[in-house]
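Novice: just the structure for this:
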Amino acid sequence: MSLSQGGGWSSKSTLALQIGHNRSARGLQGVIFTRDDRAGEGKLSSRLGLVTDAVEAEEGMDLYAHIVDRVSRGGRVDYVIVDEAQFLAPDQIDQLARVVDDLKLDVFAFGITTDFRTKLFPGSQRLIELADRIEALQVEALCWCGARATHNARTVDGEMVVEGAQVVVGDVNRQAGEVGYEVLCRRHHCRRMTVETARAGALSPDVLPVSSV
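Specialist: A predicted model of the protein is given here:
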């Protein structure tokens, strides 16, 4: 079982879709699980506009039993893809490990490691503990300042927030007043400085240079 991790701008969902496409083009059949995708229930989507049907990994769902039931009914499963794996419960990660060990299937899990408070998601922590291989995506996410982005920030009206439920579905392409997410470098995450607060500060008269006449 491999875990590919990446931030909000690093196209992890695009890579998940690409892996599925490459294998289906070779006649293989897989199962795609996802959870709380921005496109809605039972969908796997990327920010490039690509979308495909998926199985919603609901809370309490036994992923191993789902695969076994599909195979026992005559279905074919050659591989498993999991997107938004950070939202899975630790016991569901254990079930994916059983899919690898007992059913001898490849499982490709994609997700981010930490939440907007820089705390590990329980699902991501369990993946790190069990995964055969962990890979950072090659498409590097960048902070607004140009530095490597390492932290996820939750925003409301562009203002970073550090309190609230661990899981709140939002998007980087948010409307005013809605929950959004932005990837930041550690320095600007610690300073709670998003692109909008940085822009507002640059335009503020308080920070403009003053010269004497």
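Novice: from now on I want contacts and neighbour counts done on CA atoms only, so please keep to that.
Specialist: Noted.
Novice: what residue is smack in the middle of this protein?
Specialist: For the chain, G111 is the residue whose C-alpha lies nearest the centre (C-alpha atoms, centre = their mean; 3.9 Å).
Novice: give me the local confidence score for that one.
Specialist: Listed pLDDT for G111 reads 88.
Novice: verify the contact between it and Q86 for me.
Specialist: Yes: the criterion here is C-alpha atoms under 8 Å, and G111 meets it with Q86 at 5.3 Å.
Novice: partner residues bridging the residue nearest to S24 when sequence neighbours are not counted?
Specialist: Nearest non-adjacent residue to S24, counting by C-alpha to C-alpha, 6 or more residues apart in numbering: G30, 7.7 Å away. Beta-bridge partners recorded for G30 (DSSP bridges): Y79.
Novice: got a list of what G30 touches?
Specialist: Taking C-alpha atoms under 8 Å, 6 or more residues apart in numbering, we find G30 in contact with G20, S24, R76, V77, D78, Y79, V80, I81.
Novice: and with 6 Å instead?
Specialist: V77, D78, Y79, V80 (C-alpha atoms under 6 Å, 6 or more residues apart in numbering).
Novice: that one and R70, how far apart?
Specialist: Counting by C-alpha to C-alpha, to the nearest Å, the separation of G30 from R70 is 11 Å.
Novice: now V156. Its backbone dihedrals?
Specialist: Dihedral pair for V156: phi -130, psi 120, per degrees, to the nearest 10.
Novice: so it touches V179, yeah?
Specialist: Yes: V156 is in contact with V179 according to C-alpha atoms under 6 Å; the separation is 5.0 Å.
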